[in-house]
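S.K.: whatever this is, show me its structure:
(chains A and B)
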There are 2 protein chains.
Amino acid sequence: MVTQDRAIRTRRTILTAAAKVFEERGYQAATISEILTTAGVTKGALYFHFASKEDLAEGVISEQDQQLPIPGRACKVQQLVDTVAVHAYHLQTDPLVRAGVRLSLDQQAQGLNRSAPFLRWGEIGVELLTTAQAQGELLPHVVPAETAEVLVGAFAGVQAMSQATSNYQDLPRRVTSLLRHILPSVVMPSVLAAVDVTEGRGAAVHNELQQTHSMQPAAALT
Amino acid sequence: MVTQDRAIRTRRTILTAAAKVFEERGYQAATISEILTTAGVTKGALYFHFASKEDLAEGVISEQDQQLPIPGRACKVQQLVDTVAVHAYHLQTDPLVRAGVRLSLDQQAQGLNRSAPFLRWGEIGVELLTTAQAQGELLPHVVPAETAEVLVGAFAGVQAMSQATSNYQDLPRRVTSLLRHILPSVVMPSVLAAVDVTEGRGAAVHNELQQTHSMQPAAALT
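M.R.: As a prediction, this is how the structure comes out:
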């Protein structure tokens, strides 16, 4: 148990170092030896967890949805909004999530499978939207797969624009604005009226998650 | 006049070469000497047009909206849709436009002002949406600046997702899908019913532009 904890910590240390190096150099120019130096771990430890630079990058990329699941909601549209809002909050606050999203959009990263995170986020969206539709929350014409793709693609661009113009400071405002432009085309008006898409939503749900986690220490360890 | 034509052609040759090198190497790793070799022009010719690598990259970036204006329409929402659709068509067919958009999203391009194209596309959107609003085409609550920002950001992500998953093959479908998810939140239903957002729109408007251009050779030279 203690050994496993240590392995998880080492893996996290390596991923954080890799994220930092990828952020500074870009995927193409980054080297494993620089990641080793930054992480302060042995070559053996690194290769125990990751076989290659590509493997490291995919590890960083897949961190962006590891902090889910977010709290279940009776209203699945609210749960979808919360998923988007918490991801935006992580982008603002967690360098590892930020590096993962940037790698997914690094068009110079040859040999890296960058479609995986788009597909994974798409699947999360399809699942929530399909349940929402079954519960009668969506307008009759909605195709969950199509709406999920639009949301994932649009979010990727809105975060890139926020990074380029304000270094993520205006991200919550931009995400609220995006959702207010897409949800009315998808969600029943009576449902939409009760959904919270305000700018503080991401931070609020993140805090809710932290509290739930700290109240259940025993459960978290099993 | 002939000299000016030659200067325009040389500038275009240099920008095309720069686009190719930036695409292959990324902004950070690209060098002026490689761009010189690819373009096959003299150092003097290059520096006559561009002062630095940054200047070259900004030249490539600003090409993405140089092929405008697109045809004026009585319905400004249609003109906005046409602007988006033609840009998507150029992304599929013109390597220079593609390189410009990729540079705008290259988060490793240090020292490059990447917010400029977002702002320029935003201004084009605000102008069209403001006129559309004055003509009664939009829903009463719409704020043109906010909707323009959402459209520009969302488009940037949808094109990146299309590039990552299909190398731009599915871009027209994705753009139609994005517009069908955003326009109903913004446009009066009676106006929207008459707007063409089908997948072939970009190619059709591009052909319309080519025909208009070839029918007015004398006017084009003045």
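
S.K.: what segments of chain A are helices?
M.R.: A:2-25, A:32-39, A:43-49, A:53-62, A:76-93, A:95-104, A:115-134, A:144-166, A:171-182, A:189-192, A:201-215, A:217-221 (DSSP state H).

S.K.: nearest to B:Pro172, of those?
M.R.: helix A:144-166 (13.7 Å; C-beta to C-beta). To be clear about C-beta, it is placed using only N, CA and C from the backbone, and glycine gets the same treatment.

S.K.: okay if I get the helices of chain A as CSV plus mean neighbour count and mean pLDDT?
M.R.: Putting the helices of chain A into CSV (neighbours: other C-beta atoms under 10 Å in any protein chain shown; pLDDT from 0 to 100) gives the following:
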stretch, mean neighbour count, mean pLDDT
helix A:2-25, 16, 87
helix A:32-39, 17, 94
helix A:43-49, 14, 93
helix A:53-62, 20, 90
helix A:76-93, 22, 95
helix A:95-104, 22, 85
helix A:115-134, 18, 92
helix A:144-166, 23, 93
helix A:171-182, 22, 97
helix A:189-192, 13, 96
helix A:201-215, 15, 86
helix A:217-221, 8, 44
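
S.K.: in JSON lines, list these along with distance to chain B.
M.R.: Shown next, in JSON lines, are these (distance: least, C-beta to the nearest C-beta, whole Å):
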{"stretch": "helix A:2-25", "distance to chain B": "7"}
{"stretch": "helix A:32-39", "distance to chain B": "15"}
{"stretch": "helix A:43-49", "distance to chain B": "23"}
{"stretch": "helix A:53-62", "distance to chain B": "12"}
{"stretch": "helix A:76-93", "distance to chain B": "12"}
{"stretch": "helix A:95-104", "distance to chain B": "5"}
{"stretch": "helix A:115-134", "distance to chain B": "5"}
{"stretch": "helix A:144-166", "distance to chain B": "2"}
{"stretch": "helix A:171-182", "distance to chain B": "5"}
{"stretch": "helix A:189-192", "distance to chain B": "10"}
{"stretch": "helix A:201-215", "distance to chain B": "17"}
{"stretch": "helix A:217-221", "distance to chain B": "34"}
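
S.K.: quick one: the ones you listed as TSV, columns for distance to B:Val205 too.
M.R.: Output for the helices of chain A, formatted as TSV (distance: least, C-beta to C-beta, whole Å):
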stretch	distance to B:Val205
helix A:2-25	40
helix A:32-39	48
helix A:43-49	52
helix A:53-62	37
helix A:76-93	33
helix A:95-104	31
helix A:115-134	28
helix A:144-166	22
helix A:171-182	24
helix A:189-192	34
helix A:201-215	39
helix A:217-221	57
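
S.K.: for B:Lys43, find the nearest of those helices.
M.R.: Using C-beta to C-beta, the helices of chain A put helix A:2-25 closest to B:Lys43, at 28.9 Å.

S.K.: what helices or strands is the closest one leaning on?
M.R.: helix A:32-39, helix A:43-49, helix A:53-62, helix A:95-104 (3 or more C-beta pairs under 8 Å, 6 or more residues apart in numbering or on different chains; DSSP states H and E).

S.K.: will you turn the ones you listed into CSV that also has distance to B:Glu127?
M.R.: Shown next, in CSV, are these (distance: least, C-beta to C-beta, whole Å):
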stretch, distance to B:Glu127
helix A:32-39, 47
helix A:43-49, 52
helix A:53-62, 38
helix A:95-104, 31
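
S.K.: ok, the residue positioned nearest the centre of chain A - contacts?
M.R.: In chain A, the C-alpha nearest the mean C-alpha coordinate belongs to A:Gln64, at 3.5 Å (C-alpha atoms, centre = their mean). Neighbour list for A:Gln64: A:His87, A:His90, A:Val97, A:Gly100, A:Val101, A:Ser104, A:Pro117 [criterion: C-beta atoms under 8 Å, 6 or more residues apart in numbering or on different chains].

S.K.: residues in contact with the last one?
M.R.: Which is A:Pro117. Here A:Pro117 is in contact with A:Ile61, A:Ser62, A:Gln64, A:Asp65, A:Gly100, A:Val101, A:Ser104 (C-beta under 8 Å, 6+ apart).

S.K.: surely A:Ala45 and A:Arg9 touch.
M.R.: No - look at A:Ala45 against A:Arg9 with C-beta atoms under 8 Å: they stay out of range, at 11.0 Å.

S.K.: which of the helices and strands packed on helix A:2-25 sits closest to A:Leu112?
M.R.: Smallest distance to A:Leu112 across those (C-beta to C-beta): 5.5 Å, for helix A:53-62.

S.K.: so the residue nearest to A:Thr10 when sequence neighbours are not counted versus A:Gln4, what's the distance?
M.R.: Distances taken as C-beta to C-beta, 6 or more residues apart in numbering or on different chains put A:Ala45 closest to A:Thr10, at 5.7 Å, once the chain neighbours are dropped. Distance, A:Ala45 to A:Gln4, by C-beta to C-beta, to the nearest Å: 15 Å.

S.K.: domain map for chain A?
M.R.: Annotated domains of chain A cover A:2-59, A:64-221 [automatic domain parsing].

S.K.: can I get the ones you listed in JSON lines with distance to B:Glu24?
M.R.: Below are the domains of chain A laid out as JSON lines (distance: least, C-beta to C-beta, whole Å):
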{"stretch": "domain A:2-59", "distance to B:Glu24": "10"}
{"stretch": "domain A:64-221", "distance to B:Glu24": "8"}
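
S.K.: closest to B:Gln133 out of those domains?
M.R.: Using C-beta to C-beta, the domains of chain A put domain A:64-221 closest to B:Gln133, at 15.2 Å.

S.K.: roughly how far does A:Gly136 sit from A:Val142?
M.R.: Taking C-beta to C-beta, one finds A:Gly136 at 11 Å from A:Val142.

S.K.: before we move on, what about A:Ser162?
M.R.: Using C-beta to C-beta, A:Ser162 is found at 27 Å from A:Val142.

S.K.: cool, A:Leu56 as well?
M.R.: As judged by C-beta to C-beta, A:Leu56 and A:Val142 stand 38 Å apart.

S.K.: likewise A:Gln210?
M.R.: 33 Å.

S.K.: cool, A:His206 as well?
M.R.: Going from A:His206 to A:Val142 by C-beta to C-beta gives 28 Å.

S.K.: likewise for A:Val126?
M.R.: For A:Val126, the distance to A:Val142 - C-beta to C-beta - is 11 Å.

S.K.: not counting its neighbours along the chain, what's nearest A:Leu151?
M.R.: Closest residue to A:Leu151 apart from its sequence neighbours, by C-beta to C-beta, 6+ apart: A:Gly125 at 5.6 Å.

S.K.: does that neighbour touch A:Val152 like I think?
M.R.: Yes - in this structure, A:Gly125 is within contact of A:Val152 by C-beta under 8 Å, at 6.2 Å.
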